[in-house]
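Peer 1: model this:
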Amino acid sequence: MPVEVPWDEEGGLSRQGDDRYEGMELDEFWLRFEPSGGKGRQYLIRVLGDPVKFMTHYDNQIDANTKERKRVPFPDSENVRKKKRNCTDQETTLTREGGRYRRSEKCVWCRLGYQLTPRYMINVAYYGRKDEDGDPTIMMSEIPQTAYDLIKDWWVANKAVCPEGPGTMTGSAPNFLVTVKLKGKKTEYSVMPTGEVGKLPDDIKNALRKFNPNAETVEEVMRLHDLKRFCGPTFMARTSRSPSSERSSTRFRSPNGVVMTTMTTTTSGRMTTTRRRRRPPVTRPTG
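Peer 2: Next up is the predicted model:
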């Protein structure tokens with residue numbers, strides 16, 4: 001499973017949030033760092049708490065002949081439009097072996113050879129979306145390794161003024177200006193501290209109270225988005241839009257000859273997915 005990674009170590013537990021998302025659109029609480037050309041698009045944020053690290057797969061593989069990456073659509077891409085699939089065996093792939101992340105035989109995306117990449121979920125107070133009182137919005141966002149490294153590198157060099165980490169909820173930290181620029185086909189991140197290094201300002205404290213309207217203790221006021229909930233495993237699935245009960249399946253063969261079948265049953269809008277695995281039949285000599 002994804003793991004919370006305190007800024008000074010690899011490990012920890014996730015903060016738990018209430019089930020507050022029913023009836024909400026994703027964009028109401030998910031900050032997407034969208035790139036643009038020229039000078040790029042800028043986002044003013046305050047990092048809150050520790051990030052959660054997880055492994056995901058993108059739809060490209062290494063060509064056996066050219067040794068270059070090429071786009072290879074996911075087997076279920078006709079029905080699932082997401083651009084990536086989260087690894088289904090995070091416990092294995094979050095560990096390194098020989099300086100590289102390990103692939104897992106338990107994960108279908110690993111076995112099929114799709115690019116394996118670390119990503120991070122973070123909680124933020126976003127100043128680009130203020131409410132009627134002028135307070136920022138408590139949101140979550142996903143960032144690549146490069147952006148995570150920029151934030152952590154700043155903190156490592158400035159521990160004297162920010163000893164508790166850039167996401168501290170009780171100590172001093174700065175705001176960060178994130179610039180996302182589109183350069184050719186690549187997205188580049190720039191993360192710079194801005195303003196004074198200080199404790200949580202009143203507008204963020206107000207935003208946290210609004211985010212936790214039923215909080216009765218200081219600890220409850222400080223609750224953030226449950227990040228692990230939004231970066232869980234992505235299993236192969238085939239969806240059916242029919243409101244009646246239907247069954248569909250997706251079959252494919254991995255490079256090592258393992259045949260995978262995904263069965264999806266939809267009944268009155270509720271979908272249940274099961275995965276079956278079998279190896280090709282063994283041909284035995286006769287006579």
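
Peer 1: model confidence over the lengthiest strand in the chain, on average?
Peer 2: Longest strand in the chain by number of residues, with DSSP state E as the criterion: strand 41-58. If you average the pLDDT over strand 41-58, you get 96.

Peer 1: roughly how far apart are D153 and I122?
Peer 2: According to C-beta to C-beta, to the nearest Å, D153 stands 15 Å off from I122. All C-beta spots, glycine's among them, are computed from the backbone N, C-alpha and C.

Peer 1: So these two - more neighbours on which side?
Peer 2: The neighbour count for D153 versus I122, taken as other C-beta atoms under 10 Å, is higher for I122 (25 against 11).

Peer 1: for the more buried one, phi and psi?
Peer 2: In terms of degrees, to the nearest 10, the main-chain angles of I122 are phi -130, psi 150.

Peer 1: On the strand side of things, show who it bridges to.
Peer 2: S141 (DSSP bridges).

Peer 1: in this protein, which spans are helices?
Peer 2: For the chain, helices defined by DSSP state H occupy the ranges 90-93, 108-111, 145-157, 202-211, 218-221.

Peer 1: Would you convert those helices into JSON lines that also reports mean pLDDT?
Peer 2: Shown next, in JSON lines, are those (pLDDT from 0 to 100):
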{"stretch": "helix 90-93", "mean pLDDT": "91"}
{"stretch": "helix 108-111", "mean pLDDT": "94"}
{"stretch": "helix 145-157", "mean pLDDT": "96"}
{"stretch": "helix 202-211", "mean pLDDT": "96"}
{"stretch": "helix 218-221", "mean pLDDT": "93"}
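
Peer 1: P51: which of those is closest?
Peer 2: Distance to P51, taken as C-beta to C-beta, is lowest for helix 145-157 among those, at 6.6 Å.

Peer 1: buried set for that closest one?
Peer 2: Buried residues in helix 145-157, counted by 16 or more other C-beta atoms under 10 Å: A147, Y148, L150, I151, K152, W154, W155.

Peer 1: List of residues touching that helix?
Peer 2: 7, 33, 47, 51, 117-120, 162, 165-166, 176, 178, 188-191, 193 (C-beta atoms under 8 Å, 6 or more residues apart in numbering).

Peer 1: before we move on, back to that, mind exporting the longest strand of the chain as PDB, just the C-alpha atoms?
Peer 2: Provided in PDB are the C-alpha atoms of strand 41-58 (Å, rounded to 0.1, in the frame of the first residue of the first chain):
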ATOM      1  CA  ARG A  41       1.400  28.600 -14.800                       C
ATOM      2  CA  GLN A  42       2.000  29.400 -11.100                       C
ATOM      3  CA  TYR A  43       0.400  28.100  -7.900                       C
ATOM      4  CA  LEU A  44       0.800  29.600  -4.500                       C
ATOM      5  CA  ILE A  45       0.500  26.900  -1.800                       C
ATOM      6  CA  ARG A  46       1.400  26.000   1.800                       C
ATOM      7  CA  VAL A  47       2.400  22.400   2.200                       C
ATOM      8  CA  LEU A  48       0.500  20.700   5.100                       C
ATOM      9  CA  GLY A  49       1.600  17.500   6.800                       C
ATOM     10  CA  ASP A  50       3.700  14.700   5.300                       C
ATOM     11  CA  PRO A  51       3.400  13.400   1.700                       C
ATOM     12  CA  VAL A  52       2.300   9.900   0.700                       C
ATOM     13  CA  LYS A  53       4.500   8.100  -1.800                       C
ATOM     14  CA  PHE A  54       3.100   5.500  -4.200                       C
ATOM     15  CA  MET A  55       4.100   3.800  -7.400                       C
ATOM     16  CA  THR A  56       2.200   4.100 -10.700                       C
ATOM     17  CA  HIS A  57       2.500   2.900 -14.200                       C
ATOM     18  CA  TYR A  58       2.400   5.000 -17.400                       C
END
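
Peer 1: helices or strands up against it?
Peer 2: strand 3-4, strand 84-86, helix 90-93, strand 115-126, strand 137-144, strand 173-183 (3 or more C-beta pairs under 8 Å, 6 or more residues apart in numbering; DSSP states H and E).

Peer 1: Repeat the analysis, applying 6 Å as the threshold.
Peer 2: Packing contacts for strand 41-58, counted by 3 or more C-beta pairs under 6 Å, 6 or more residues apart in numbering; DSSP states H and E, involve strand 3-4, strand 84-86, helix 90-93, strand 115-126, strand 173-183.
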